[in-house]
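In: quick one, structure for this:
(one chain, ligands or ions: 2)
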Amino acid sequence: MLELKKVYHYYGKAKALEEINLTVEDNSLDAVIGPNGAGKTTLLRAISGLEEIDRGRIIFNGERIDELEAHEIAGRGIAHCPERRRLFYDMTVMENIQLGAFTLKDKAKYSKLLDFVFEIFPRLHERMKQRAGTLSGGEQQMLAIARSLMANPKLLLLDEPSLGLAPKVKSRIFEAILQIKQEGTTTLLVEQDAVLAMAVADTIYVLEDGKIEMSGTREELEKEPRIKRVYLGI
Ligand SMILES: Nc1ncnc2c1ncn2[C@@H]1O[C@H](COP(=O)(O)OP(=O)(O)OP(=O)(O)O)[C@@H](O)[C@H]1O
Ligand SMILES: [Mg+2]
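Out: Numbers count the residues shown, from 1 in each chain. Ligands and ions are numbered 1, 2, ... in the order given. Model (predicted):
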């Protein structure tokens, strides 16, 4: 579904992404893990067209998208759930959800999506009329994911869904991510919590200092002494 080929990105002279090769298959849930400043957010922003890449290609469903505008990429079916949620805090939960679906014309599809997001996040249903700014951190993250899902994406990009959340709430969010996978939405997740990310992902990419240092399944990566030490603390 998605392929990055030798992608480079610079901020001025500073290299943020270096020769990134990455493939996301249809219906998979893949994860990019790595420390602060590794380039994880930059990678997702490059895919969704919020950063222009300096070299390489990004191909989505057979079509080159790295020269398209962000809104065109969104129109192809890529939804980006950004770091730190970026909700409309003065609007209600329901209004935020509806905004996610603003390009969706199909009324029946809209109802189905709404049922699905309320099924995975019943908390949002209970709080439909509450202002987004008054939600807890975990609820805000649920709302950010729900809003992205309402665009009916083919590919969902999730930037650090567990950021700043308590362990129990993190687990709740990751259960929802698995439900999203089961429902058939391909997902590329970026996460600092390597233990959680590795528990759910089909393929894991280890991004360090702008480069993919290693990739593989959880079983493969768990055999690597350095992964154990640095990311799994064992
Ligand atoms: N707009 C920008 N201008 C200049 N440098 C930037 C910009 N955005 C990010 N960078 C730099 O690029 C590098 C990668 O940043 P990025 O935000 O992609 O990392 P990250 O892996 O998402 O980190 P975190 O886990 O802290 O979110 C960092 O060194 C950062 O300082
Ligand atoms: Mg980031």
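In: give me the element the residue positioned nearest the centre of the chain is part of.
Out: Closest to where the C-alpha atoms of the chain average out (Cα atoms, centre = their mean) is Leu158, at 1.4 Å. Using DSSP states H and E, Leu158 sits within strand 155-159.
In: scan this protein for its longest helix.
Out: Assignment by DSSP state H gives helix 167-182 as the longest helix of the chain.
In: what angle do that one and strand 155-159 make?
Out: Inter-element angle recorded for helix 167-182 and strand 155-159: 170 degrees (by axes from the mean of the first three to the mean of the last three Cα atoms, to 10 degrees).
In: how about helix 167-182: buried residues?
Out: Of the residues in helix 167-182, 169-170, 172-174, 176-177, 180-181 count as buried by neighbour count, 16 or more other Cβ atoms under 10 Å. (C-beta placed from N, C-alpha, C; glycine too.)
In: over to stretch 69-89?
Out: Within stretch 69-89, the residues scored as buried using 16+ other Cβ under 10 Å are 73-74, 77-83, 85, 87.
In: how about Ala201, what does it touch?
Out: Shown in contact with Ala201 (Cβ atoms under 8 Å, 6 or more residues apart in numbering): 29-31, 189, 218.
In: can you narrow the buried residues of stretch 69-89 to ones near ligand 2?
Out: Restricting the buried residues of stretch 69-89 to those near ligand 2 by Cβ under 5 Å from the ion leaves Glu83.
In: between the buried residues of stretch 69-89, which is nearest ligand 1?
Out: Nearest to ligand 1, judged by Cβ to the nearest ligand atom, of the buried residues of stretch 69-89 is Glu83 at 5.8 Å.
In: next, give phi and psi for Glu213.
Out: phi -90, psi -20 (degrees, to the nearest 10).
In: one step back: out of the buried residues of helix 167-182, who's nearest Ala151?
Out: Each of those was checked against Ala151 using Cβ to Cβ; the closest is Ile180, at 12.9 Å.
In: so that closest one sits right up against Pro153, yeah?
Out: No. Counting by Cβ atoms under 8 Å, Ile180 stays clear of Pro153, with 9.9 Å between them.
In: can the strand holding Leu158 be found next to ligand 1?
Out: No. Strand 155-159 lies out of reach of ligand 1 by Cβ under 6 Å from any ligand atom, never closer than 7.3 Å.
In: which strands or helices does that strand pack on?
Out: helix 40-47, strand 78-81, helix 137-149, strand 186-191 (3 or more Cβ pairs under 8 Å, 6 or more residues apart in numbering; DSSP states H and E).
In: what does the protein put close to ligand 1?
Out: So far as Cβ under 6 Å from any ligand atom goes, the chain lies against ligand 1 at 11, 14, 16, 34, 36-42, 83, 192.
In: of these, keep whichever come out buried.
Out: Among the residues of the chain next to ligand 1, the ones that count as buried by 16+ other Cβ under 10 Å are 16, 34, 38-42, 83, 192.
In: just to revisit the earlier point, lowest-confidence entry in the buried residues of stretch 69-89?
Out: Lowest pLDDT among these: Arg85, with 78.
In: relative to Leu114, how far out is that one?
Out: 20 Å (Cβ to Cβ, to the nearest Å).
In: what of Ile173?
Out: When distance is defined by Cβ to Cβ, Ile173 is 19 Å away from Leu114.
In: then Ala74?
Out: Distance of Ala74 to Leu114, given as Cβ to Cβ: 19 Å.
In: pull the contacting residues for Arg45.
Out: Arg45 makes contacts with 51, 80, as judged by Cβ under 8 Å, 6+ apart.
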